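A.B. asks: Sharing a sequence plus its predicted fold:
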Amino acid sequence: MEIRLAILSDIEQICQLYHEFWQYNAQRQPEYCSVATESGEYPKSIIESEHADIFVADTDGALVGLINVRESKTLPYDAIVQHRYAEVIELHVKSECRRQGIGSMLINASKQCRKARNLGYIELISLVNAEEANSFYNNENFITVSHIRRYAL
């Protein structure tokens, strides 16, 4: 198992991982998430970006997981202490490969990269009813610092 930065030749397998990720989300929140097909343009833009990375879990050429992390910064308001941080956009490990430490290895790779860039912390959003994912993030020492609330109209 190798955790490494994604390269352009990984795009086809990354698209498959995104498809599985979107299926997972659509099963948990079908009113907000749907299954989609990734063309490859999105991961290509990340791979080519200076402010975002995709790390992949590679098992002898087969990609079994990914994490998409980008640099973010606070909004430019006087009432907010300005800082830069890392934002996990997606983290996905194939269901048959879970509970083997791959998610932790992907998180650790992003931590090391972000520390090197002097970012303050890593932030992510997870679905409230994604119990397995939330348990994982708790075990990785992520803490809840805010809640997103919706009021249906």
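C.D. replies: Received the coordinates, thanks. Numbering: from 1, shown residues only.

A.B. asks: for the record, mean pLDDT for the longest strand belonging to the chain?
C.D. replies: With DSSP state E applied, the strand covering the greatest number of residues in the chain is identified as strand 62-73. Over the span of strand 62-73, the pLDDT mean works out to 96.

A.B. asks: Show me what that strand is packed against.
C.D. replies: The elements that strand 62-73 packs onto, with contact taken as 3 or more C-beta pairs under 8 Å, 6 or more residues apart in numbering; DSSP states H and E, are helix 11-28, strand 52-59, strand 84-93, helix 102-116. Every residue, glycine included, has its C-beta placed from N, CA and C.

A.B. asks: mind listing what's buried in the helix or strand just after the longest one?
C.D. replies: Scanning the chain past helix 11-28 towards its C-terminal end, the next helix or strand to appear is helix 41-47 (assignment: DSSP states H and E). By 16 or more other C-beta atoms under 10 Å, the buried positions in helix 41-47 come out as Tyr42, Pro43, Ile46, Ile47.

A.B. asks: could you list every residue that touches the residue minimising distance to the centre of the chain?
C.D. replies: If you average the C-alpha coordinates of the chain and look for the closest C-alpha using C-alpha atoms, centre = their mean, you land on Glu90, 2.4 Å from that point. By C-beta atoms under 8 Å, 6 or more residues apart in numbering, the contact set of Glu90 is Tyr18, Phe21, Leu66, Ile67, Asn68.

A.B. asks: Tell me which two of those sit farthest apart.
C.D. replies: Taking every pair in the contacts of Glu90 and measuring C-beta to C-beta, the maximum separation is 12.1 Å, between Tyr18 and Ile67.

A.B. asks: So between the two, which is more surrounded?
C.D. replies: Ile67 (26 against 20; other C-beta atoms under 10 Å).

A.B. asks: Would you mind measuring from that one to Arg99?
C.D. replies: If you measure Ile67 against Arg99 using C-beta to C-beta, to the nearest Å, the figure is 17 Å.
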